[in-house]
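>>> After the sequence you'll find the predicted model.
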Amino acid sequence: MIRFDLKCTDNHVFEGWFGSSADYESQKERGLLECPICGDGRIGKAPMAPNVASRKDFGNPAPVPIPTGSPPEPVTAGESDVEITPARMVAMLRTLRRHVEQNADHVGPKFAEEARKIHYGEAEERGIYGEATPDEVEELRDEGIEIGSIPWLPDNDH
């Protein structure tokens, strides 16, 4: 799954989560994309910087194609002024983890292999998550395979 930074004509930047690039294009063509801040329907992709986290930075991050549809906790109009506290960030990351687990297939250490199969049409297109080494992540990106890494927090405080 893929995460794109999106931008409306008022220059509000926000995230969009899609099953594939084609899914993004389809939703855009059907007028289903809307700025969560101002409601503008004229949406395009914003420039994105890659986000590669090392395991030492986040414990055990899981490279994942990003979930289909809206983020688990979409930002609504006026919510952009809300302070993101560490506790809120942890809650959001746990919500994201549950969303990924419910909407994608866990492929474990075969993530890079399975991501390539999907990218090259050798396996059905679907959301997957699992583990990949930093070298595998770099190779996938060099091949043009869009993936992301997220901090994989435990479901509870223990």
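Right, received. Where do you want to start?
>>> quick one: which helix or strand includes A112?
helix 111-119 (DSSP states H and E).
>>> Just checking, which helix or strand succeeds the lengthiest helix in the chain along the chain?
Criterion DSSP state H: the longest helix present in the chain is helix 86-103. With elements assigned by DSSP H and E, the helix or strand that comes after helix 86-103 is strand 105-108.
>>> partners of that following strand in the sheet?
strand 128-130 (parallel) (DSSP bridges).
>>> From E113, how far out is the spatially closest residue to E114 that is not a sequence neighbour?
Closest residue to E114 apart from its sequence neighbours, by C-beta to C-beta, 6 or more residues apart in numbering: V107 at 4.5 Å. In short, each C-beta sits where N, CA and C put it, glycine included. In this view, V107 and E113 are 8 Å apart by C-beta to C-beta, to the nearest Å.
>>> what about those two, which has more around it?
Using other C-beta atoms under 10 Å as the criterion, V107 and E113 rank with V107 on top: 19 against 13.
>>> quick one: contacts for the more buried one?
Neighbour list for V107: 114, 128-130 [criterion: C-beta atoms under 8 Å, 6 or more residues apart in numbering].
>>> before we move on, what about V13?
5-7, 46.
>>> Which strands or helices does the longest helix of the chain pack on?
strand 148-150 (3 or more C-beta pairs under 8 Å, 6 or more residues apart in numbering; DSSP states H and E).
>>> Adjacent strands (with direction) for the strand it packs on?
For strand 148-150, pairing defined by DSSP bridges yields strand 62-64 (antiparallel).
>>> Now do the partner strand, average pLDDT.
For strand 62-64, mean pLDDT rounds to 51.
>>> before we move on, back to that, so how far is E143 from the residue nearest to E114?
17 Å.
>>> again, but for G16
23 Å.
>>> One more: R88?
Separation of R88 from E143 (C-beta to C-beta): 36 Å.
>>> Apart from its neighbours in sequence, what residue is nearest E122?
In space, and not counting its chain neighbours, E122 is closest to R116: 7.8 Å by C-beta to C-beta, 6+ apart.
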